[in-house]
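S.K.: Quick one: sequence and predicted model below, then my questions.
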There are 2 protein chains.
Amino acid sequence: MPTQRRTPGRRPNAADEERLPLSPDRIAEAALRLIDRDGLDALSMRKLGVELGVEAMALYHHFPNKGRVLDAVMDLLVREIDVPPPGSAPALARLRQALRSYRGIALRHPHAFPLLAARRFNSEGAFAVYERLLQAFAELGLPPQRSAWWFRATGNLASGTGLADIASRELVPDATPLTLQREPASVALPPHVAAVAPYLTADRLDEAFEFALDVMFDALERDARRLRRPN
Amino acid sequence: MPTQRRTPGRRPNAADEERLPLSPDRIAEAALRLIDRDGLDALSMRKLGVELGVEAMALYHHFPNKGRVLDAVMDLLVREIDVPPPGSAPALARLRQALRSYRGIALRHPHAFPLLAARRFNSEGAFAVYERLLQAFAELGLPPQRSAWWFRATGNLASGTGLADIASRELVPDATPLTLQREPASVALPPHVAAVAPYLTADRLDEAFEFALDVMFDALERDARRLRRPN
DNA sequence: ACCTGAACACCGTTCAAGT
DNA sequence: ACCTGAACACCGTTCAAGT
């Protein structure tokens, strides 16, 4: 892209975008768009400025630094988590749907998902999601400590899976080419690795995740049943 | 740190380090040291040069770019995964030990661990680890597809847990302060979140992980038993 | 109140040159 | 073969200035 010429008073609108006043929301949305398009490393305050038709330094009027912009992007992603509200379905079904939709973010926003997995959720939106999830665990009859543990176990499984799925699709910046998914025998794989490789190709990762969810939810259901009628 | 004066012919050895000849191993070790000390974002080719008493550009004689340096750091971490060899213990015990030691890397190298979780393992060392793990699953009598699924489920749980544990310890660069771990009621938490918060403090994350491992391994053992004597 | 533009202290990487 | 040093095209952020 050639450097844009700009006349002093009137700047060109980048990317056929209306010249609306800047706002935290508009900035966060542009940042997510840029990350989705070019990758996390490509997000810079300067490019974000260009995307919005504004000098980079104008952004500092709405965010104190780049870290807070990333937090705002995280919050956009958190809002994509679909946790059905209490009463809309049985607790187990709501939890399962929430985990599926969380891991789904990895597929829709592969470049941005690592933010969710690696940075702490700490926004209003995140607490709302937490609350609905924990409400569902409580509904199963689990005491708080048990809810806490199940909450972590299932959530960590989903975020670990999202990250692994992204890596398997070679969407990590700078990654070396994957041997596992190459045409067979481009490199000699160790025997047990070779045996499982066909089941871990990118197009079969959904099955693997559903299996893991089955394992977790079978155990969760049994745990809840056992706790409800104590022998 | 003030800029070091340097006389043309003789550079000062950085960090009281012997002036050994550069090698990929020495570079990777210095990179990991630097990441452990100052964080992943603080690793630059220039600082890595200073750490080794060398101009940054000398590194390009051993690695084509920074991405390959990070791959080498990953490989150092992979070698810290302790997968007991076949015969040394029952298969389930070996697997459990491997997952514990993998997640342990998150605690020993919190700044570097995200590399492991987000980048694809693709080195010789990684394949050796894979092979030993998959050998253990096969030993349980699982067919390849089942091994593949259990491999992903347990591995993803461990890496998701490692990342969450790092975030809980506020070791993520740029993170906003955590409300969950603050002195009680600095901010009003939603009721179910407030109820579980005491069980998710940094000092209780080991218990939560052991619970998740129990869930996984109980189910794995049952699955293996069921597959061995088909009804 | 909101945005610009120059400046500072950094980056990764290329390239020609030195030994 | 191995390393240097200048250069290029970038960064995040500060600051004084414009409207």
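M.R.: Noted; the coordinates are in hand. Residues are numbered from 1 along each chain as shown, chains lettered A, B, ... in the order given.
S.K.: could I get the worst-scoring helix or strand of chain A on mean pLDDT in CSV with only the CA atoms?
M.R.: Here the helix or strand of chain A ranked lowest by mean pLDDT, DSSP states H and E is helix A:113-118, holding a mean of 91. This file holds the C-alpha atoms of helix A:113-118, laid out as CSV (Å, rounded to 0.1, in the frame of the first residue of the first chain):
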residue,chain,number,x,y,z
PHE,A,113,-8.3,-15.9,20.2
PRO,A,114,-4.9,-16.2,22.0
LEU,A,115,-5.8,-12.9,23.7
LEU,A,116,-8.8,-14.6,25.3
ALA,A,117,-6.8,-17.7,26.3
ALA,A,118,-3.7,-15.9,27.7
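S.K.: Please name the residues that touch the residue of chain A found nearest DNA strand C.
M.R.: Of all residues in chain A, A:E55 sits closest to DNA strand C, at 2.8 Å by C-beta to the nearest atom of the strand. Quick note: C-beta positions are derived from backbone N, CA and C, even for glycine. Contacts for A:E55 (C-beta atoms under 8 Å, 6 or more residues apart in numbering or on different chains) come out as A:G49.
S.K.: Distance of it relative to chain B?
M.R.: 23 Å (C-beta to the nearest C-beta, to the nearest Å).
S.K.: ditto for A:A31
M.R.: Where chain B is concerned, A:A31 sits at a distance of 14 Å (C-beta to the nearest C-beta).
S.K.: Now name the helix or strand holding A:L95.
M.R.: helix A:91-108 (DSSP states H and E).
S.K.: Now do the residue lying closest to A:Q145 once chain neighbours are set aside, the pLDDT please.
M.R.: Once flanking residues are discounted, A:Q145 sits nearest to B:Y199: 4.7 Å by C-beta to C-beta, 6 or more residues apart in numbering or on different chains. Among the per-residue scores, B:Y199 shows a pLDDT of 93.
S.K.: how about B:Y199, phi and psi?
M.R.: With angles defined as degrees, to the nearest 10, B:Y199 sits at phi -90, psi 0.
S.K.: which residues sit in contact with it?
M.R.: A:144-145, A:148-149, B:208.
S.K.: Kindly reformat those as a markdown table containing distance to DNA strand C and neighbour count.
M.R.: Listed next are the contacts of B:Y199 as a markdown table, based on distance: C-beta to the nearest atom of the strand, whole Å; neighbours: other C-beta atoms under 10 Å in any protein chain shown:
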| residue | distance to DNA strand C | neighbour count |
| --- | --- | --- |
| A:P144 | 43 | 17 |
| A:Q145 | 44 | 17 |
| A:A148 | 39 | 23 |
| A:W149 | 40 | 25 |
| B:A208 | 35 | 23 |
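S.K.: re the thing from before, does the least confident helix or strand of chain A come close to DNA strand D?
M.R.: No. Helix A:113-118 is not in contact with DNA strand D by C-beta under 7 Å from any atom of the strand; minimum separation 14.2 Å.
S.K.: Backbone dihedrals for A:H62, both of them.
M.R.: According to degrees, to the nearest 10, A:H62 has phi -110, psi -20.
S.K.: who's in contact with it?
M.R.: Residues near A:H62 by C-beta under 8 Å, 6+ apart: A:22-24, A:27.
S.K.: Of those, keep whichever come out buried.
M.R.: Buried subset of the contacts of A:H62 (neighbour count, 16 or more other C-beta atoms under 10 Å in any protein chain shown): A:22, A:27.
S.K.: Just to be sure, which of the contacts of A:H62 are found in helices?
M.R.: Judged by DSSP state H, helices contain the following of the contacts of A:H62: A:24, A:27.
S.K.: circling back: give the other helices and strands that the helix holding A:L95 contacts.
M.R.: In this structure, helix A:91-108 makes packing contacts with helix A:113-118, helix A:124-139, helix A:144-168, helix A:205-228, judged by 3 or more C-beta pairs under 8 Å, 6 or more residues apart in numbering or on different chains; DSSP states H and E.
S.K.: can you give me the mean pLDDT across the last one?
M.R.: For helix A:205-228, mean pLDDT rounds to 96.
S.K.: can you check the third one too?
M.R.: Averaged across helix A:144-168, the pLDDT comes to 96.
S.K.: Now find how far off-centre it is within its chain.
M.R.: Here helix A:144-168 is found 12 Å from its chain centre; the criterion is C-alpha atoms, centre = their mean, to the nearest Å.
S.K.: One more: the last one?
M.R.: Put simply, helix A:205-228 sits 22 Å off its chain's centre (C-alpha atoms, centre = their mean).
S.K.: got it, and the second one?
M.R.: Between the centre of helix A:124-139 and the centre of its host chain there is 17 Å, according to C-alpha atoms, centre = their mean.
S.K.: For stretch A:198-212, buried residues please.
M.R.: When burial is assessed from 16+ other C-beta under 10 Å, stretch A:198-212 yields the following buried residues: A:199-200, A:205, A:208-209, A:211-212.
S.K.: In contact with A:P24, which residues?
M.R.: A:P24 sits next to A:62-63, A:72 when contact means C-beta under 8 Å, 6+ apart.
S.K.: Could you do A:Q135 as well?
M.R.: By C-beta under 8 Å, 6+ apart, the contact list for A:Q135 reads A:86, B:192.
S.K.: Right, I'll leave it there.
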